[in-house]
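K.L.:
When you get a sec, could you give me coordinates for this:
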Amino acid sequence: MEEAKFLGALRDVGERVEKGEPLLEIETEKAQVTVDAPVSGYLRAVVAEAGRTYPVGALLAYLTDGPDE
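P.N.:
Sure thing, here's the model as predicted:
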């Protein structure tokens, strides 16, 4: 797999998420899957555009330790 379509975030910006919880939804050639949060924190921003295809490893969203960082 070299790329995937970003479908959207499953959480709202500013919401706290725990490590392992579903965070984003993507679609590959074979399946529609969720991407789990790699760490616990707050969803600070979604920088990817829904419906656009991105290479594997691209920054789609980011988390911060605190709600105001």
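
K.L.:
Settle this for me: Ser40 is touching Lys19, isn't it.
P.N.:
Yes - using Cβ atoms under 8 Å, Ser40 is in contact with Lys19, at 4.7 Å. Any C-beta I mention is one placed from the backbone N, CA and C, and that applies to glycine too.

K.L.:
Just the buried residues of the strand or helix carrying Ala45, please?
P.N.:
For Ala45, the host element (DSSP states H and E) is strand 41-46. Judged by neighbour count (16 or more other Cβ atoms under 10 Å), strand 41-46 contains these buried residues: 41-44, 46.

K.L.:
Okay, strands next: where are they in this structure?
P.N.:
Assigned by DSSP state E, the strands in the chain fall at 3-9, 16-17, 22-27, 32-36, 41-46, 53-55, 61-64.

K.L.:
Can you add mean pLDDT and give those strands back as CSV?
P.N.:
Formatted as CSV, those follow (pLDDT from 0 to 100):
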stretch, mean pLDDT
strand 3-9, 97
strand 16-17, 97
strand 22-27, 98
strand 32-36, 96
strand 41-46, 97
strand 53-55, 97
strand 61-64, 96
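
K.L.:
on that earlier part again, note down every partner strand of the strand holding Ala45 and its orientation.
P.N.:
Strands that pair with strand 41-46, judged by DSSP bridges, come out as strand 16-17 (antiparallel), strand 61-64 (antiparallel).

K.L.:
And for Leu59, the neighbour number?
P.N.:
Neighbour count for Leu59, taken as other Cβ atoms under 10 Å: 9.

K.L.:
Kind regards, and thank you for your time.
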